[in-house]
Structures are given as C-alpha cells and as structure tokens.
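>>> sequence and predicted structure below; questions after.
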Amino acid sequence: MDIVNEKSSWFVTVSFLDEEGAPVAPDSGSYRIDDAGSGAEITADTAFVPSGTSHVIEITPGENSIVGAAEADTRLLTVTFAYSGGRQGTAEYAYLVKNLSKVS
C-alpha cells in the first residue's frame, strides 16, 4: 500500500480496462475519496473527462488531511467509468495517509 504524508499532493494514474483486461478509452468518468476508518466522505463524486486509456487524478493536500487523531488514515479512491455503448467499469485504490503530527 502506498503511503502519503499528510497535507501532501498525490497523483494517481488510473488505467481503464474492459472486462477482458484490454485498454479502453471511456466516454466519461468520476471518482470519489472516502476515509476507510470512519466512513467519512472526503470528496463527493467528481466528474472528469478521460482523454485516452488512462487519466491522472490529483489528490489535493486538503484531501490528504488526517481525520481525528489517528497515526494514519486509510483512504479509498473509487473510480467509475462508462465506455462502449453503456458498459461500465469500476476500480478502487487504497492508500495510507501518514500523520506527521507537526504539520499545521
């Protein structure tokens, strides 16, 4: 699992694959970020327009802030995309946000 320091920018490259594992260029996509421990929504569904078979999602320092007083928070990035006449794909990526305790 990747570890990100709290309040740091983070970039995730999402690759879009069909049901057979072949790359596809979706018509549309969206992502959301949730805190796995508390269930808190960090970022609501956010639409994006893919420009090919992959897309870079920038996770902001605010989205990588610690919730509560935990040593680390596990975040879930969930991506949904539509392709090829109504087909849909989903993916989930988990990463850890490390509490640095001295960051303000």
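Looks like it arrived, so ask away.
>>> over to residue 69: give its phi and psi.
phi -110, psi 20 (degrees, to the nearest 10).
>>> same check on residue 40?
Main-chain torsions, residue 40, degrees, to the nearest 10: phi -70, psi 140.
>>> need the contact list for it.
34, 67 (C-beta atoms under 8 Å, 6 or more residues apart in numbering). Bear in mind the C-beta positions are built from the backbone N, C-alpha and C, glycine included.
>>> so what are the sheet partners of the helix or strand hosting residue 76 and their directions?
Per DSSP states H and E, residue 76 falls inside strand 72-83. Strand 72-83 has its sheet partners listed here by DSSP bridges as strand 28-35 (antiparallel), strand 87-98 (antiparallel).
>>> following the shortest one, which helix or strand comes up?
In this case it means strand 28-35. strand 41-48.
>>> what is that next one packed up against?
strand 28-35 (3 or more C-beta pairs under 8 Å, 6 or more residues apart in numbering; DSSP states H and E).
>>> how much does the strand it packs on deviate in direction from strand 41-48?
Angle, strand 28-35 to strand 41-48, by axes from the mean of the first three to the mean of the last three C-alpha atoms, to 10 degrees: 170 degrees.
>>> dump strand 28-35 to CSV, restricted to CA.
C-alpha atoms of strand 28-35 as CSV (Å, rounded to 0.1, in the frame of the first residue of the first chain):
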residue,chain,number,x,y,z
SER,A,28,-16.9,9.7,-19.1
GLY,A,29,-15.6,9.0,-15.6
SER,A,30,-15.9,10.1,-12.0
TYR,A,31,-14.1,9.5,-8.7
ARG,A,32,-14.7,9.9,-5.0
ILE,A,33,-12.5,9.7,-1.9
ASP,A,34,-13.6,8.2,1.4
ASP,A,35,-11.9,7.7,4.7
